[in-house]
Each structure stands twice: as C-alpha cells, then as structure tokens.
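Engineer: Structure of the sequence below:
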Amino acid sequence: MSTLLLKNGRVIDPSQNIDRNADVLIKDGKVAAIAANINDSNCEQIDCAGLWITPGLVDGHCHLREPGAEHKETIATGTQAAARGGFTTVVAMANVNPVPASLKDYKKIQKLIDQTAVVRVIQAASVTKDLKGRDLCDMATLAAAGVKIFSDDGYFIDRAAVLYQALKLAAKLDVTLALHEEDTSLKLYWPTAYEPLNEIAAIARDLEILRVTGGKVHFQHISTSRGVELIRRAKQEKLNITAEVCPHHLTLTAEAVYSQGTDAKMAPPLRTKEDIAELIKGLDDGTLDMIATDHAPHAEDDKNTVFDLAANGIIGFETAFPLMVTELIHRRGFSPMWLIERMSTIPARIFSLPGGSLLVGNPADICVIDPNKEWIIDKRQLASKSRNTPYHNTPVKGKVIRTLIDGKVVYKDY
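Structural biologist: Residues are numbered from 1 along each chain as shown. Just a heads-up that it's a prediction; the model follows:
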C-alpha cells in the first residue's frame, strides 16, 4: 500500500489528548507517526494548512434501508453520504427486511455491506423478531457470532416483561440494548401524541427494569430536559447506561414545523429552547455521551402527506458535522476537541467500534476538516438517495474536505 503524508494540519485526537499543529504519516493503511516536520519525499503529500486532522467520525445510530427499502436509500448511497459527512464507521439499525433477528438473515445483510459499503458498517441486530416487541430474537447465537448491539429502534418495546427478559439475557451475554424511548400507548393517544411524557415515561420504566436485571442500556435520541435529568440521576447511581442526542434536537425547536412541515417531523419530535439548553448541558457534563445522526432517509411520498401520516425522520450524514461545528463551536464556544470526542472517540469506545483514535499502529481512519469553510446546505447536492431535510438552504461554517479509511481517500471535496 502507498505512503501518505498529511502536512501542516491541526491534529485533534481526544483519545491521546492531542491538539497541536503536526504532520500525520500513513503507511500500509495505518497511522505511522504524528510529529512536527515529518520528511518523506517518497510519498504523496497533502497540505493541510488551516485544516483539522481528526479521527474519522463514528455514528452510533443510522438507517441504511437496505435490504427492503432501496427506493429510500441503499448501503452504497448511504455510506457515500456518510463518507461525505466525515464518518468512517456507522451503526445501522435493524428495521430492514429481512430483520436481522437470526444469524442467517444477519449474514445476508453483512454480505451486502461487504459488497457495497464505502465506510465501515456495523449492523445492529434486532431485540425482538420482526420488531414486534413480543418474541426475542436469537440473541445468544448472534452474540456468539460477535454481534454486540441489539435494537428495535423505531419501535418501543412496550411489554415490560419482554424487555425484562431481553435485559436479563443481554447481561449474561455482555451485549448492549439500544432503546427507542417513546411509550406507544401514550404516543397513540391524541392528547399526548407529541408530549414529552412519551419519552419520560419510557425512560423511567426502563431504568426501573434495568435496576433489577442488570446489563447495559443505551438510550437513543434523547430530546427532553426531564429525560436528561432521569439519566443524570441514574448515572449518579452507577447504573450501566449511556445516551445520545441528535443534531436536530440541538438546533431546532417545534416551531420549525411551521416553516418546514413534514421535513421537521421526527420521533421523538422537536421540543423547546429550554429542552435544547438542557440537552447541551447534559452533553457537556457527560450525562449524554455522544452525538448520533439518526440518519433516516425517506422517499418523497413518505413525507408528502398530512403531518400525522407522514414518516418520521430526516437525513443526517452530510449535515450533522457542519451543523455541530456551526452551533456548538462557532456559536457556543465549545472546543474542537470537545466536539470530536463526542462524535468520534466516545461512540467508538462505548460500542467497541473501529476508529475514534489516531494512535500509532491504528487503521488510518481519518477526517480532514476545514473549520472555517462557509457554505449553504443544498439538499439537491447531497449524496443520499433521499432529500428529507429541514436544513435545505441553511448556511453553515465547517466542512469535511477528505475522509480516509485504512489510509485510502474515500471522499475528497477538492
């Protein structure tokens, strides 16, 4: 494999507490050295002056739709979008067809990933068969084959007894359950359909089950201030939990529905400015561990209908990082190290995923970023097969310039 030298960049690696100007030497697909003024005339060199060099971003929660809904997204188009967004590893949810509830179906999906993915894809298995929330998947066989993440995301496990059984087994197998926390009975009852109560009640119930069963739970796309409070208290009590928040819940309020319509419909729904403030506080103090995209592509017909019937979710691979650089670094003053840690190092560590570090000897999964590049999000120019975003025509500051996996450039802006 060729040798590549990234010159004169600002190297930011939270895993090693590195934030300094340096060069990064890549040999045989691995990080070979990080130092000032590396000289190697026998390799390709890329001038990164004014740019950041970071570990590739790691997304712990996305939807690739294949197999079963290729008209919305494919593994190829989704991972191309991920590469453009700086992501080198993504975790794909189980709401595909067939559902990866058995090792046989899991392997079918893994074969598609191996054939067409541009970035590293970790496929989550489902918790229950067909995502129905009734019968558990073949968790033991899947875990024995190396599967570590199980999720029915998009669906709340409404039967407490089923979650109890799943957590007891997950604790024995040392795997993580990633939970979508919206109480179905409340969500389907019109007066409470979009209320914070849906999320709060679900988190409260599941924390109590976890106290009894043990095991590890990851709470997905937290959106409410009260949800943050419940998780904070549970962490203080040393329950084995982690949690994520999405860019849309950090940047948009429910008022976006009036201007963006169904493109601003998601589950959980957008909340208030007060919720955003508490989410950011929770992200800063470690109550919320990471930022995940919840990339959820939908065809035009899925959104082009009355609000209550429209599909939930937005695409996020290509917008997540620039939105976070703009909102959290440029506007709110958080450091680049702080953001990279929550979008790369921490998710990689929590889920034991590839990436998240530029440690010498590690695979060279790297993101090169122009933090000051000003541009306007244009949904027509995105790599994703779908266009469902509320951020069309939004000005942002910060852009991924190159994405490398194993030292190979899989995306280049210019």
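Engineer: Grab the longest helix from this structure for me.
Structural biologist: Ordering each helix of the chain by length in residues (DSSP state H) puts helix 197-213 first.
Engineer: what's that one packed up against?
Structural biologist: Counting contacts by 3 or more C-beta pairs under 8 Å, 6 or more residues apart in numbering; DSSP states H and E, helix 197-213 is packed against helix 160-173, helix 184-187, strand 216-219, helix 225-236. Where C-beta positions appear, they are placed from N, C-alpha and C, glycine not excepted.
Engineer: quick one, which of those is nearest to Asp365?
Structural biologist: With respect to Asp365, and counting by C-beta to C-beta, the nearest of the helices and strands packed on helix 197-213 is strand 216-219 at 21.8 Å.
Engineer: Give me the helices and strands touching the closest one, please.
Structural biologist: Here strand 216-219 touches helix 160-173, strand 176-179, helix 197-213, strand 241-245, going by 3+ C-beta pairs under 8 Å, 6+ apart.
Engineer: quick check: mean pLDDT across stretch 251-265?
Structural biologist: Per-residue pLDDT values over stretch 251-265 give a mean of 97.
Engineer: CA atoms of it as PDB?
Structural biologist: Written as PDB, here are the backbone C-alpha positions of stretch 251-265 (Å, rounded to 0.1, in the frame of the first residue of the first chain):
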ATOM      1  CA  THR A 251     -30.600  23.000  16.800                       C
ATOM      2  CA  LEU A 252     -34.300  23.100  16.000                       C
ATOM      3  CA  THR A 253     -37.400  23.700  18.100                       C
ATOM      4  CA  ALA A 254     -41.000  22.500  17.400                       C
ATOM      5  CA  GLU A 255     -41.600  25.900  15.700                       C
ATOM      6  CA  ALA A 256     -39.600  24.500  12.700                       C
ATOM      7  CA  VAL A 257     -42.700  22.500  11.800                       C
ATOM      8  CA  TYR A 258     -44.500  25.700  10.700                       C
ATOM      9  CA  SER A 259     -41.800  26.500   8.100                       C
ATOM     10  CA  GLN A 260     -40.500  23.000   7.200                       C
ATOM     11  CA  GLY A 261     -43.700  21.000   7.500                       C
ATOM     12  CA  THR A 262     -43.200  17.200   7.500                       C
ATOM     13  CA  ASP A 263     -39.500  17.600   6.900                       C
ATOM     14  CA  ALA A 264     -39.400  18.600  10.500                       C
ATOM     15  CA  LYS A 265     -41.300  15.600  11.700                       C
END
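Engineer: buried set for that stretch?
Structural biologist: Neighbour counts over stretch 251-265 (16 or more other C-beta atoms under 10 Å) mark Thr251, Leu252, Ala256, Val257, Gln260, Thr262, Asp263, Ala264, Lys265 as buried.
Engineer: Distance from it to the middle of the chain?
Structural biologist: Centre-to-centre, stretch 251-265 and its host chain are 21 Å apart (C-alpha atoms, centre = their mean, to the nearest Å).
Engineer: Contacts for that stretch, please.
Structural biologist: 194, 269-273, 276, 303-305, 307, 310-314, 323, 327, 388-390, 392 (C-beta atoms under 8 Å, 6 or more residues apart in numbering).
Engineer: what do you get if the cut-off is 7 Å, keeping everything else the same?
Structural biologist: Stretch 251-265 is contacted by residues 269-273, 276, 303, 307, 310, 312, 314, 323, 327, 388-390 when judged by C-beta atoms under 7 Å, 6 or more residues apart in numbering.
Engineer: cool, stretch 20-27 as well?
Structural biologist: By C-beta under 7 Å, 6+ apart, the residues outside stretch 20-27 that reach it are 3-8, 10-11, 31-38, 40, 53, 358, 364, 407.
Engineer: hmm, 6 Å instead?
Structural biologist: Stretch 20-27 is contacted from outside by 3-7, 10-11, 32-36, 38, 53, 364, 407, using C-beta atoms under 6 Å, 6 or more residues apart in numbering.
Engineer: Can I take it that Ala33 is in a strand?
Structural biologist: Yes - the assignment for Ala33 (DSSP: H, G, I helix; E, B strand; the rest coil) places it in a strand.
Engineer: Quick one: residues in contact with the helix or strand bottoming out on mean pLDDT in the chain.
Structural biologist: Across the helices and strands of the chain, mean confidence by mean pLDDT, DSSP states H and E is lowest for helix 184-187: a mean of 92. Helix 184-187 has contacts (C-beta under 6 Å, 6+ apart) with Phe156, Asp158, Thr192, Ala193, Leu197, Asn198.
Engineer: Only alpha carbons, please: show that helix as CSV.
Structural biologist: These are the backbone C-alpha positions of helix 184-187, laid out as CSV (Å, rounded to 0.1, in the frame of the first residue of the first chain):
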residue,chain,number,x,y,z
THR,A,184,-46.5,3.6,22.5
SER,A,185,-49.7,3.8,24.5
LEU,A,186,-49.2,7.5,25.2
LYS,A,187,-48.0,8.3,21.7
